[in-house]
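Novice: Predicted model and sequence follow; I will ask about them next.
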Amino acid sequence: MTEAGEVGPGAKAARSTASPAAAHAAVAAAFREEAGHLTASLVRSLGDFDLAEESVQEAVVQALEHWPREGIPTRPAAWLLTVARRRALNRLSRDARYAAKLAELVREPPPEPDDRLQLIFTCCHPALRREWQVALTLRAVFGFTTGEIARAFVASEEAVAQRIVRAKRKIASAGIPYRMPGPEELPDRLSEVLAVLYLLLNEGHLATSGSGWRRDLSEDALWLTGLLCRLLPGEPEALGLLALMRLHLARADARFTETGDLVRLADQDRSLWDHEAIREALALIERAAAMRRPGPYQVEAAIAACHAEAPSFESTDWMQVVALYDLLLEMEPSPVVRLNRALVVWRVAGAEAALRELDGLAGDLDGYHIYHAARGELLSVMGRDEQARAARLQAHDLTHNQAERALLRQRLLL
Amino acid sequence: MKYILLFCGTRDDARPASSAEDVQRTYANVGNWLTRNSSRIGSIHQLQPPDTATTVLLEGQSRPIVKDGPFLEGKEMVGGYCEIDVADLDEALELAKTWPGRTQAVEIRPVVPHDLPAELNRP
């Protein structure tokens, strides 16, 4: 395990004798090691983001057909490069303007220092919409197929393909450059990248091992955040997000029952938490704090650490958590953060105080299932059963995630 | 690459009218900005307010129809524009971020590159 916390099996570990799910997971791990490098090197040699990205996608799709059955080749990078290059050559040969680029392509690209950063920053350029950034990053950096992205986000393949097309069209027509941001732009640009990774974490951590194989977005997000921390070692917010992810994932085993049902924090068996990972996350938080540039991800990680360090739900240092939420609200006033803070106020000042805080958020959060679920809990504790039931029903109707729905059904005793 | 920076605002601007000194200072700042970036800037124009606009309707009419007022409805308006020639969007963003005029927002639009006949390309 590297210092910044890379996880997952390396490409070499994969064998086709394993279960289909394990074979897929190994292939996914190989893709994320190789796809970004390959896209970056093709963008460099072709000078055409669209063509490079499409060629890598073709290679990934072909690898998905072959590798799970035949095993991962000993040199996965060379295998993918061969296919991607053939694809690019096919397209280029129809276009006379590319004669010079063809010559470039036939040569093996020289080993370069890691230039995946440029790729990541281009995919997460602020001139692209968030959903485009996400889809493009997943394809170009992680080697996801369009179908995998669609499954991960419960969207149609067509819709995802549209996002990719529009993003690449804007990159070309608006002149979005393929370059590292300068030092003065870096904080803003990095926060775009971190926002995409944070979104992957949140989408991923509720993914259950339901029907069919599905790539674990949070593991992928953790991997890329680890990579960012190694390539940009002086950025405390990247470290903060990495710590936050490790804390989330350290508690993953306790978050679901064997049948895939969601378990609330208060009810989780804390002996199932990965305490080694929690210790490593705490060290990351300290390393970030030593840089003396606080930010929202570091604060969120500190909040998660308060929970992770508490031996039981009751012994959580709630006062400290409230103080951290206040700090977070100063940095980033958001109704969702205020909702989370209200739930901590419940522990410190009682249900009535918490409900008062929630009432002030009704306008902003009426469409958010967690808001109604939280109201349901509070009203139930206060003995207002009818209202509690109505709130929980509303939460249930607003939820799409199966595990969350099941938990809400259980609270409703449906 | 060529881009047009559109200086945008809302029509019924709630902000109080600027004092004469403010206007002067803004013009001075814009002047400095133009000098500093002269190699990257083509034409730049401030537009008279939308109530001075006249619109000629073409499509869906049997012949062109002239009417008073702007075509774009709603509160948003374009108060001026600036043509720039820079390497890429990031450079355009850098210029837009430093624009010192009294403007709510700057919209950056890439210009479609047309290969015009050489005689038309001459200034």
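Specialist: Looks like it came in fine.

Novice: residues from chain B in reach of chain A?
Specialist: Residues of chain B found near chain A (CB under 8 Å from any CB of the partner chain) are B:1, B:3, B:87-90, B:92-93, B:108, B:110. For every residue, glycine as well, the C-beta is placed using N, CA and C.

Novice: need the contact list for A:Cys124.
Specialist: Counting by CB atoms under 8 Å, 6 or more residues apart in numbering or on different chains, A:Cys124 touches A:133, A:137, A:189, A:192-193, A:195-196.

Novice: mind redoing it with 7 Å?
Specialist: Residues counted as contacts of A:Cys124 (CB atoms under 7 Å, 6 or more residues apart in numbering or on different chains) are A:133, A:137, A:192-193, A:196.

Novice: Just the buried ones from those?
Specialist: Buried members of those, counted by 16 or more other CB atoms under 10 Å in any protein chain shown: A:133, A:137, A:192-193, A:196.

Novice: before we move on, the earlier item: could you dump the contacts of A:Cys124 into TSV with distance to chain B and secondary structure added?
Specialist: Listed next are those as TSV, based on distance: CB to the nearest CB, whole Å; DSSP: H, G, I helix; E, B strand; the rest coil:
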residue	distance to chain B	secondary structure
A:Gln133	15	helix
A:Thr137	18	helix
A:Glu192	13	helix
A:Val193	15	helix
A:Val196	18	helix
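
Novice: now, the most widely separated pair of the residues you listed?
Specialist: A:Thr137 and A:Glu192 (10.4 Å; CB to CB).

Novice: where do the helices sit along chain B?
Specialist: For chain B, applying DSSP state H gives helices covering B:20-36, B:89-98, B:118-121.

Novice: Just name the most buried of those.
Specialist: helix B:89-98 (a mean of 18; mean count of other CB atoms under 10 Å in any protein chain shown).

Novice: before we move on, back to that, what's the closest of the helices of chain B to A:Ala26?
Specialist: Ranking the helices of chain B by proximity to A:Ala26 (CB to CB) places helix B:89-98 first, at 38.1 Å.

Novice: relative to helix B:20-36, how tilted is the closest one?
Specialist: Helix B:89-98 and helix B:20-36 are oriented at 160 degrees to each other (axes from the mean of the first three to the mean of the last three CA atoms, to 10 degrees).

Novice: helices or strands next to helix B:89-98 in the packing?
Specialist: Counting contacts by 3 or more CB pairs under 7 Å, 6 or more residues apart in numbering or on different chains; DSSP states H and E, helix B:89-98 is packed against strand B:105-110.

Novice: quick one, what contacts B:Val78?
Specialist: Applying CB under 7 Å, 6+ apart, the residues contacting B:Val78 are B:6-8, B:47.

Novice: Report the beta-bridge partners for it.
Specialist: B:Val78 forms beta bridges with B:Cys8, as assigned by DSSP bridges.

Novice: And it, what's its pLDDT?
Specialist: The model reports B:Val78 with a pLDDT of 93.

Novice: Would you point out which residue is most central in the chain?
Specialist: Let's take chain A. Nearest to the mean C-alpha position of chain A, counting by CA atoms, centre = their mean, stands A:Leu200 at 2.1 Å.

Novice: Sorry, I should have been clearer: chain B.
Specialist: The centroid of chain B falls nearest to B:Tyr81 when counting by CA atoms, centre = their mean (1.5 Å).

Novice: quick one, longest helix in chain A?
Specialist: Chain A, longest helix under DSSP H: helix A:20-46.

Novice: need the next SSE after that helix, C-terminal direction.
Specialist: helix A:49-70 (DSSP states H and E).

Novice: now for that next one, which elements pack on it?
Specialist: In terms of contacts (3+ CB pairs under 7 Å, 6+ apart), helix A:49-70 is packed against helix A:20-46, helix A:76-92, helix A:130-140, helix A:157-173.

Novice: Following the chain onward from the shortest one, which element is next?
Specialist: On the C-terminal side of helix A:130-140, the closest following helix or strand by DSSP H and E is helix A:146-152.

Novice: got the buried residues for that following helix?
Specialist: A:146, A:148-152.

Novice: distance of A:Asp253 from chain B?
Specialist: Taking CB to the nearest CB, to the nearest Å as the measure, A:Asp253 falls 43 Å from chain B.

Novice: so what's that residue closest to, chain neighbours aside?
Specialist: Setting aside the residues directly before and after it, A:Asp253 is nearest to A:Leu272 in space (CB to CB, 6 or more residues apart in numbering or on different chains), at 4.7 Å.

Novice: Quick check: phi and psi on the one you found?
Specialist: Geometry field for A:Leu272 lists phi and psi as phi -80, psi -10, criterion degrees, to the nearest 10.

Novice: What about A:Ser173, how many residues nearby?
Specialist: Using other CB atoms under 10 Å in any protein chain shown, A:Ser173 has 13 other residues around it.

Novice: The helices of chain B into CSV, with extra columns for mean pLDDT?
Specialist: Converted to CSV, those look like this (pLDDT from 0 to 100):
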stretch, mean pLDDT
helix B:20-36, 93
helix B:89-98, 96
helix B:118-121, 59
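
Novice: want to try CSV for those, with distance to A:Ser41 as columns?
Specialist: What follows is the helices of chain B, written out as CSV (distance: least, CB to CB, whole Å):
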stretch, distance to A:Ser41
helix B:20-36, 38
helix B:89-98, 22
helix B:118-121, 37
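
Novice: Tell me the buried residues in stretch B:59-74?
Specialist: Buried residues in stretch B:59-74 (16+ other CB under 10 Å): B:Pro70.
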